[in-house]
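In: Below are the sequence and a predicted model for it; my questions follow.
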Amino acid sequence: MLLFAANLAFAQQYTIEAHITGFNNGAKFYLKDVDVDSDIDSVVIRNNQFVMRGSLADAPKSLWLYTKTSTNFYYTTLMIGNETITINGDIKDFPFDLSISGSKTQDEHTLLLNQEKAGYKERNKLLQEYFSLKGDSAEIKGKKIWRIIGKLDSTNEVVAKRFIKDHLNSYEGLYELFFLKNKYSRDTLRQMFNSLSPQFKQSDFGQRIANYIKVGPILEVGDKYADFEALDKAGVKHRLSEIKGKYILLDFSTTYCGPCIESVEDLKIISKKYADRVEIVSFSGDAGKANWLKGIARDKPNWLSLWDGKGNYGETIAKYGVTGYPSFFLIDPQGKIVSKWTGYGKKPGEKGSLETKIDGLLVKN
């Protein structure tokens, strides 16, 4: 019995055995859980080898294996459960050309990656070119580069949709389907979900699709807001419907999103400027509570900041149709959405785009 229990515990572990040349002894590799944007393991490489062991509560998962040097960032993507995989390669093989074996789930991930990597490599090269542009012609050249990137992205989208069709009953297929969910009608998604085997319907990946289908049509301008429940930093539950008689500026953000961090200054200005008319509510898209709390400690919001622990896969994010951060919704005192938009920017010496937007909307309303 004790031997059986020990074997079962061992079976519930992941093991990553890596043989990678080109890195100095002492280089530290990290394993990141993409869903919660947090490192879950780390190890130092010695003589071109390292081993990581741990346990994944909700397996399989989408992970990043990465390291940094003084000049570069190296990463590769994994889709594994509590199983043993072997990684072989060289520093030059990051991110797309490492040899990874031992996992059927990872094999499916690698199959799609191999179909898309030519486009990804070209895209990365173009991005490097774009960020090095200088001089008077930079804007014209930049627009040309983004047109090409757009075509590459469209091609890879076609590849991904074909993969989903051929490999729907797989974790990789469902993972890709969620990120391309807006490219399908809800009726089509429902048919696809209903065709899944019980194993994949009940998986985290399948339930993400189920939640998206369940919430119905995405909210648009003119619709009544959708109420929700989430926690503040003290663990107290709040509902959006608690706010009465004021405009609500609903801010969807994440802790380490650059434009989200920049928009905090505007949010503080608005909270004072329109204190008698507007209540700000920030809703975190972070899956990890620790990251969310770090953001609150850093930004010190004097308005309600909420978190539901579901990250990008929860019903609230899905119902409001949030696909980028920050995203903003202005809701009038009667509960109608009067405007929604995504993004933030500010030019030196000028108001930020959020303050400017709110100024204009409140004049009209």
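Out: Yep, it's here.
In: just the helices in the chain please.
Out: Taking DSSP state H, the helices of the chain run over residues 2-11, 104-131, 138-166, 171-179, 186-194, 198-201, 204-214, 258-273, 289-299, 315-319, 353-364.
In: Next, the angle helix 104-131 makes with the third one.
Out: Spelled out, that is helix 138-166. Taking axes from the mean of the first three to the mean of the last three Cα atoms, to 10 degrees, helix 138-166 and helix 104-131 form an angle of 170 degrees between their directions.
In: before we move on, the earlier item: and of the helices of the chain, who's closest to Phe73?
Out: If you check each of the helices of the chain against Phe73 by Cβ to Cβ, helix 104-131 wins as the nearest, at 11.7 Å. C-betas here are computed from N, CA, C, even on glycine.
In: Sort out which residues of the closest one are buried, please.
Out: Thr105, Gln106, Glu108, His109, Thr110, Leu112, Leu113, Glu116, Gly119, Arg123, Leu126, Tyr130 (16 or more other Cβ atoms under 10 Å).
In: repeat for stretch 139-158
Out: By neighbour count, with 16+ other Cβ under 10 Å as the criterion, the buried positions of stretch 139-158 are Ile145, Ile149, Leu152, Asn156, Glu157.
In: what do you get for stretch 194-207?
Out: Leu196, Phe200, Lys201, Ser203, Phe205, Gly206, Gln207.
In: and what of stretch 253-262?
Out: When burial is assessed from 16+ other Cβ under 10 Å, stretch 253-262 yields the following buried residues: Ser253, Thr254, Thr255, Cys257, Pro259, Cys260, Ile261, Glu262.
In: Show me the contact partners of that stretch.
Out: Outside of stretch 253-262, the residues that reach it under the criterion Cβ atoms under 8 Å, 6 or more residues apart in numbering are 37, 263, 282-286, 291-292, 294-295, 298-299, 325-326, 343-346, 352.
In: Make a PyMOL selection of the buried ones in those.
Out: Entered in PyMOL, the line below selects the buried ones among the contacts of stretch 253-262, by 16+ other Cβ under 10 Å:
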select buried, resi 37+263+282+283+284+285+286+291+292+295+299+325+326+344+346+352
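In: hmm, back to that, could you export the helices of the chain as TSV, including distance to Gly89 and mean pLDDT?
Out: As requested, the helices of the chain are exported to TSV (distance: least, Cβ to Cβ, whole Å; pLDDT from 0 to 100):
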stretch	distance to Gly89	mean pLDDT
helix 2-11	27	42
helix 104-131	13	96
helix 138-166	23	96
helix 171-179	21	95
helix 186-194	35	96
helix 198-201	30	95
helix 204-214	27	92
helix 258-273	31	96
helix 289-299	30	95
helix 315-319	36	94
helix 353-364	43	92
